[in-house]
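Trainee: Prediction below, plus the sequence it came from.
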Amino acid sequence: MSDKKYWQSFGERTQSETFRKSTENEFSEDLPLDGLDGKGLLDAKTPRRDFLKYLGFSTVAATLAASCEIPVRHVVPYVNKPENMIPGVADYYATTYISGGDVVSVVAKVRDGRPIKIEGNELSSITKGGTSARVQASVLDLYDTARLPYPIQFMDGKIQEVSTFEAFDKLVGDALQAAASAPLVLLTGTITSRSTKQIISDFLAKSPAGSRHIQYDADSYSGLLLANEATYGKRAIPSYRFDKASVIVSLGADFLGTWLSPTEFARNYAQGRKINEKNPAMSKHYQFESIMSMTGGNSDDRYTHRPSETGAVALALLAELGGSVTAPALPDKVKAGIKAAAKDLMANKGKGLVVCGSNDPNIQIVVNAINDTIGSNGTTIDWSAPVQWRQGIDSDMNGLVADMNAGKVGALLVYGVNPAYDYYDAAAFKTGLKKVKVAISFNDRLDETTELVKYVLPAPHFLESWGDAEPKPGYLSFMQPTIAPLFKTRPFEESLLKWSGNNSTYETYFKQYWLGKLGGMDAYESALQDGVVEPKTPPAPAPAAFSGAKLAEAAAAIAARKKGGALELALYQTVSMGKGHQGNNPWLLEFPDPVSKASWDNYAMVSPKFAKDNFDIDITDRRQADKYEVHPEQHVILLKTNGKQLKLPILIIPGMHNDVIGVAVGFGHQSADPDNTRNYYGRAAHGAGVNAFPLATWNGTTIEWSAPDLSFEKTEETYQVAVMQTHSSYEGRTQAVKELTLKDFIKQPGEIPEDREKELKPFGGLKDFREQGTLYPDYQLERPGIKWGMSIDLNSCVACGACVIACHAENNVPVVGKSEVLRYHDMHWLRIDRYFSGDPNDPDTIQTVFQPMLCQHCDNAPCENVCPVAATNHSSEGLNQMAYNRCIGTRYCANNCPFKVRRFNWADYTGADSFPNNQDQTTVGHLDPVVFQMNEDLTRMVLNPDVTVRSRGVMEKCSFCVQRLQEGKLNAKKENRTLKDMVDIRTACQQACPTEAIVFGDANDKLSRITDMRDANNDRLFYALEELHVLPNINYLAKVRNTDVVRGVTEEKPEAAAAEKHA
Amino acid sequence: MLPVKEIFPQLYQQTVNMIYHRPVVKWLRSHILLLSTLILTGNGLYAQDGHALFQANCASCHSPFKDVIGPALKGVSERIPDKNLLHEWVHNSNKVLASGNAYFKGLYAKYNTPMTAFGSQLSDPEIDAIIKYVETAQPPGPPPTANGTTPAPEEDNTLLYGILTLILAIIMFVMLQVNSSLKKLSDDKEGIPAHEPIPFYRNKVYITFGILVLFIVGGYFLTEGAIGLGRTKNYQPVQPIFYSHKVHAGINQISCLYCHGNAWESKHATVPSLNVCMNCHAAINEYTQGPKLIREDGSEVNGTAEIEKLYSYTGYDPKTGKYTKPAKPVEWVKIHNLPDHVFFSHAQHIRAGKVQCQTCHGPIQQMDEVKQFAELSMGWCINCHRTTKVNFPDSTGAGNKFYSIYERFHNDLKSGKMDSVTVESIGGTECQKCHY
């Protein structure tokens, strides 16, 4: 274990010069001593006398400014205060996050009438309080300045406001009347709301004959739906029970990050990954994939293949399991993997689960056959409650586009989808749209589709809406407004009601509908209060009748598939952007991808071998690794497939299949006239990546996110990609993570404690290290009362990033924009470090470890004793506190922090100060438009009023959500009781985490969960960089990998030596 | 009571000093404690006497002396001799009405407003206390005059000391001059050649000394001035309505939390919304019996006119008793301002800390228009945190159970190692208790 070599960057792996140099400097930039030119101070641009003049002037000016009249402030109370509203105390309303077809039950925190934070709804048995990065970020979308403020119509290409809803209804009524000769089509994402479905069917009944509702999902699951229809007789998707699976095989499904229901799956998956030390056991996860996905990074054994071989892998697995198909030819390594997976699946009949991310129905039929063979139908594949989101069938959409082009569509009503951006053949959609007589959009902004329609009536954000959703039959989730509509918006449902002659508002309709269904006011109110209504006893897992009749046909079709060329393309979604439905969200855009650690762009992920062959970058060579890594400029390549092309910068990602290039969708929103993007779609989205949806291919039945024939051209261009992983280095200290295999853990459970004991022996050993490791007395030991502590289980953490965004929202963490990230000025208080090990040239050997890294709140903190003004010091409760107002910005603390978790505010990113010069771009450097988007009055409404908005020139960092600690303690004091563990106080990251990887509490409380966690996991417990005697208050639980092979053990040395010789 | 502004300029000076001079702090601690005790006696937040109960529960509809929304309460025990019946009526008036009691039916017919059913909110002894109060209450007479509990104003000796110092300095100067003259004389006598006499204004020793004194005195005032920048002690702006806390909280003994109830739950105490004012002022529409209201500039205030201002804000027509015009909120001038980087919670202080409002807001029950009493500086906060004892739970069950986790402190208290636990000892002076 201990000699396993981890690397976060290629430079670290090869110990290159630049890397070593960079570890010496916390801050990459030199001091801005411009114009000195070695001429002596008097000849410099700002000589000493000028300096003194400025100093004197500014002192006097500040004194005058400060002593001038103090502004008069007013306090304006209500005339009639709402009875249950207390200014300064947050209210919580249960509601439902619905975006791009995803449904998550949430609770919105509302402070003084403004929703400011989203938490998961713990009453929901589907997500059980878990959230994702996108759910956490959705509150910022509410305050997006790019939202349309009122209904509009396009007159001769110009936007014209429609003053009233009545006027809009009249306009649309007339237009629909004129277009009544041809059928009307309602184009939406998958709708799970019963009331909305009812309204739609009533509306369609009154529309011209042939009118229909088409559900379209850009991330299509048609293949799965059609395969299930062929084998199970139902066009539906079952519930996957990862918690009941002890062997999980994923064929390219990123089920922890983006596939189908990642929040639910991550939670269930983590159940099987938590280790009970007394009886260590965990699930086994095989991943077969083409690109390096987050799920792949979490897997135990990972094998790479071409996207065109996915079907072959499925067939080979079925054949290995004894199915009546022949195994096609595959590389030996993959074959070995299939063999191992099959063996495990057979040994765990009824406890295995195979999922596949492909959208080819034939492949999914084979996967269904596999699941039937291993007995998972009815155990890990549960048909008692099929999922109801993602019901779109690609051929419906394809048919619609054909109809539109044939002029067979009279009116098109678009709600919540953006095919002009995310349809594979967007060009055909756009030409078709021109032939539609009336096109109306209900989208909230002028996105690529909406700017092409004539009438736009924006629908409110989900936090402003009434509504319901039914993610699974019988599992209802309700929405209620948490704020009055910010803009002149009207629910989509209400428009349909109006236009079909029903004059009630959607609110009334919704209430009447659910009063009837739920049976009375009490039930209705409790449904709104809880946010969910679920079956009292969950239905027992049920199988569905399986028919293998179509299997042979499917196998034949797979065998007949076109073989891939020299290079293949795989499209994928990132956890932050998904398919781009929250494309203008600055928090999500700045979120570094868990695997590539790049933000603000998409890029072509290529393997190290590809880079070596084509660009002569050998990242195992220390000089070339430097050349590649130190400069953010990346080579740009032109990808070509199916007559379409795309220019993208390359990023070298270990673990990528050598013949595959991976490109993320969801980026690159752009208006028809690119100059309009900023105003139409939003400032943050402008220039963030390129749109990769057009590269998807149509296979005759469904849309596939891969292309078997990809060619590329080198270009002379370069492009800057903002990669964050190299920003903070541990100065060569690699013991920040610990990992072992399950086998070793069972064989030698005491390995980690023994290692720690050995290492700390000279300083008193494990037991006395705290006292004997230092000359100074330990004041912390004498303090009675609370002692905050956090435990992070690396085995449960899947790197989904919900915590990172939750931290943003809770703590007013600024967004700095791409140009600032490129200058190492990123501000995340909590980051998730990614470590690779293994041979970069062999993708199958790459093992990945993720480690959330935040302020460790060291009891013997190195940052505290270098602060010249004592702005950072220690509290009696073990917090490493930061007094922003005292900080003078020397940055000594950040320099002395071994974990590199302190962040310096370089440019007053959130506009905290009333001094306008704080964001003057001639002094602080170029700031991106997104910074100013975050400074808008509207956007600033998302700020948490209990947390200081930091200004320029101060250091900031994780505070353990001290505002929550104080609030929790006060609540206990108010009620005259002690703290309730895990109830009164939870940090934002802990609460957001879908896998419960983070436990926080009072470590002095013998009965608390954190004490229990530390006692029960002694064999896996470790502290990051413990040997420094910084005494962190955060402990980690080591990652246990259920594999036989430990990668990356002492293999680089000969290579490194060789490289040295060359040099 | 002592007029605050007379004593506080002096206190102010010392408060500024006290972070730096510990002996002064000790002196002041005792004075502050003494002062707060004096201010607070007899005016607790929760005095369980009949007067307070009456003000909190009945006053919005009843007066002891005249009929308002409900009947005048004086003489109620004669009108309803059956105490149980009266209790019943207060607890659940509907039930009594339903039972067909003729007297109460008559009342209901006369006032056409049902009596609020207090249920278990008021206990029988509490009702008795209220009745005792209304029966013994006297119609308000002339304004109460200062009574004998006022301590004699402390003399300001600064001037005396200053003059004394000056005199001593002059004496010293004269003596030094005399000394040098004598020395010169004796030197002359002894034949030691004399230097050219240097006038004192060119004597380097004097000049240095003078500069030093100037530097220290100037530096002192500069620092004081700089520290005082942005502080607004004694700030007393003119408000849109002359609202007298003296009349409400002082004379009428309305509990602070009746209007500022938010302080119980939230960090903000908040100025009450207008509907809270109208709870009482729907009935109380004139100011006739209280003391004369005088502005700072000496002009007299017409109380009834001020109440009418309230009506104009709320759109209330006192003649018909209806809200006839659209209401608009009052823009009060905010007096107590804390910087944005300070987190201050009223709930924390009054509920967990059991701090009286007057500790920070001064003798508010004596102020007509409110002025800022405390300095609201960090030194002022910290000093209180250093001296204030925490409401630790004891064996009798009193105190806040939250603090039971401080085991070692409990043991030390028991063994006598500590005599009290202050806010500071549980971390109340650490940065992130207020700044985050």
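Mentor: Happy to help now that I have it.
Trainee: use CA for all of it now, contacts and neighbours both
Mentor: Noted.
Trainee: pretty sure A:S132 is touching A:V798, no?
Mentor: No. Taking contacts as C-alpha atoms under 8 Å, A:S132 lies outside contact range of A:V798: 11.4 Å.
Trainee: contacts for stretch A:502-510?
Mentor: Outside of stretch A:502-510, the residues that reach it under the criterion C-alpha atoms under 8 Å, 6 or more residues apart in numbering or on different chains are A:S195, A:W466, A:G467, A:P491, A:E493, A:E494, A:L497, A:K498.
Trainee: Show me those residues that map onto strands.
Mentor: A:G467 (DSSP state E).
Trainee: out of the contacts of stretch A:502-510, who's nearest B:H349?
Mentor: Checking the contacts of stretch A:502-510 against B:H349 with C-alpha to C-alpha, the nearest one is A:W466 at 39.2 Å.
Trainee: what's near enough to touch the nearest residue to that closest one once chain neighbours are set aside?
Mentor: Distance criterion C-alpha to C-alpha, 6 or more residues apart in numbering or on different chains; nearest residue to A:W466, sequence neighbours excluded, is A:Q480 at 4.5 Å. Under the criterion of C-alpha under 8 Å, 6+ apart, the contact partners of A:Q480 comprise A:Y93, A:A94, A:T95, A:L463, A:E464, A:S465, A:W466, A:G467, A:L528.
Trainee: Can you report how many residues neighbour B:I198?
Mentor: 9 (other C-alpha atoms under 10 Å in any protein chain shown).
Trainee: cool, and the one 4 residues further on?
Mentor: One way to gauge burial is a neighbour count; for B:R202, by other C-alpha under 10 Å, it gives 9.
Trainee: Nearest residue to A:V924 in space, please, no chain neighbours.
Mentor: Counting by C-alpha to C-alpha, 6+ apart, the residue nearest A:V924 is A:A907, at 5.8 Å.
Trainee: Just to check, that neighbour is in contact with A:T922?
Mentor: No. If you go by C-alpha under 8 Å, A:A907 and A:T922 don't touch, sitting 11.2 Å apart.
Trainee: one step back: need the contact list for the residue nearest to A:V924.
Mentor: Under the contact definition (C-alpha under 8 Å, 6+ apart), the residues listed for A:A907 are A:N918, A:Q919, A:V924, A:S951, A:R952, A:G953.
Trainee: And A:N918, by the same measure?
Mentor: Neighbours of A:N918 in contact, by C-alpha under 8 Å, 6+ apart: A:A907, A:D908, A:G911, A:V924, A:R952.
Trainee: and of these, the nearest to B:R79?
Mentor: Nearest to B:R79 among those, counting by C-alpha to C-alpha, is A:G911 at 68.2 Å.
Trainee: Just give me the least confident of the contacts of A:N918.
Mentor: Lowest pLDDT of the contacts of A:N918: A:V924, 80.
Trainee: I'd guessed that one sits against A:W906; true?
Mentor: Yes. Contact criterion C-alpha under 8 Å: A:V924 and A:W906 qualify, at 7.0 Å.
Trainee: Just the buried subset of the contacts of A:N918, please.
Mentor: If you count burial by 16 or more other C-alpha atoms under 10 Å in any protein chain shown, the buried members of the contacts of A:N918 come out as A:A907, A:D908, A:G911, A:R952.
Trainee: From chain B, how far off is A:Q198?
Mentor: The span separating A:Q198 from chain B equals 41 Å under the rule C-alpha to the nearest C-alpha, to the nearest Å.
Trainee: ok, back up a step: quick check: of the contacts of A:Q480, which has the highest neighbour count?
Mentor: Neighbour max across the contacts of A:Q480 (other C-alpha under 10 Å) = A:T95, 32 neighbours.
Trainee: can you tell me how far A:H1029 sits from chain B?
Mentor: 24 Å.
Trainee: For B:E300, grab the count of nearby residues.
Mentor: 11.
Trainee: in the sheet, who's paired with it?
Mentor: In this structure, B:E300 has the following beta-bridge partners (DSSP bridges): B:I294.
Trainee: Surely it touches B:P291?
Mentor: No. Look at B:E300 against B:P291 with C-alpha under 8 Å: they stay out of range, at 10.9 Å.
Trainee: contacts for the helix or strand A:A625 falls within?
Mentor: Using DSSP states H and E, A:A625 sits in helix A:622-629. With C-alpha under 8 Å, 6+ apart as the contact definition, helix A:622-629 has outside contacts at A:9-11, A:14-19, A:617-619, A:634, A:1056, A:1059.
Trainee: Next: stretch A:675-688.
Mentor: For stretch A:675-688, the surrounding residues in contact (C-alpha under 8 Å, 6+ apart) are A:145-146, A:445-448, A:583-586, A:589, A:600-602, A:667-671, A:929-930, A:933.
Trainee: For the buried ones among those residues, write the corresponding PyMOL selection.
Mentor: Only the buried entries of the contacts of stretch A:675-688 go into this PyMOL selection, using 16+ other C-alpha under 10 Å:
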select buried, chain A and resi 145+146+445+446+447+448+583+584+585+586+589+600+601+602+667+668+669+670+671+929+930+933
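Trainee: if we look at the helix or strand hosting A:A314, which residues are touching it?
Mentor: In this assignment (DSSP H and E), A:A314 forms part of helix A:310-320. Outside of helix A:310-320, the residues within contact range by C-alpha under 8 Å, 6+ apart are A:251-252, A:289, A:324-330, A:334-335, A:338-339, A:341-342, A:358, A:362-363, A:366-367, A:369-370, A:555, A:558-559.
Trainee: Then stretch B:128-142?
Mentor: B:49-51, B:53-54, B:64-65, B:73-77, B:289-291.
Trainee: among these, which two are most distant?
Mentor: The farthest-apart pair in these, when distances are taken by C-alpha to C-alpha, is B:S77 and B:P291, at 30.2 Å.
Trainee: so B:A327 sits right up against A:V79, yeah?
Mentor: Yes. Look at B:A327 against A:V79 with C-alpha under 8 Å: they come within range, at 7.0 Å.
Trainee: anything in contact with each of the two?
Mentor: Jointly contacting B:A327 and A:V79 under the rule C-alpha under 8 Å, 6+ apart are B:T314.
Trainee: List, one by one, the residues from the stretch 301-436 of chain B near chain A.
Mentor: B:314, B:327-335, B:340-341, B:343, B:348, B:351-352, B:400-409, B:426-427, B:430-433, B:435-436 (C-alpha under 8 Å from any C-alpha of the partner chain).
Trainee: Mind checking which of the residues you listed land in helices?
Mentor: B:T314, B:E407, B:R408, B:F409 (DSSP state H).
Trainee: Any quick PyMOL command for the buried ones out of the residues you listed?
Mentor: The command below creates a PyMOL selection of those among these that count as buried (16+ other C-alpha under 10 Å):
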select buried, chain B and resi 314+409
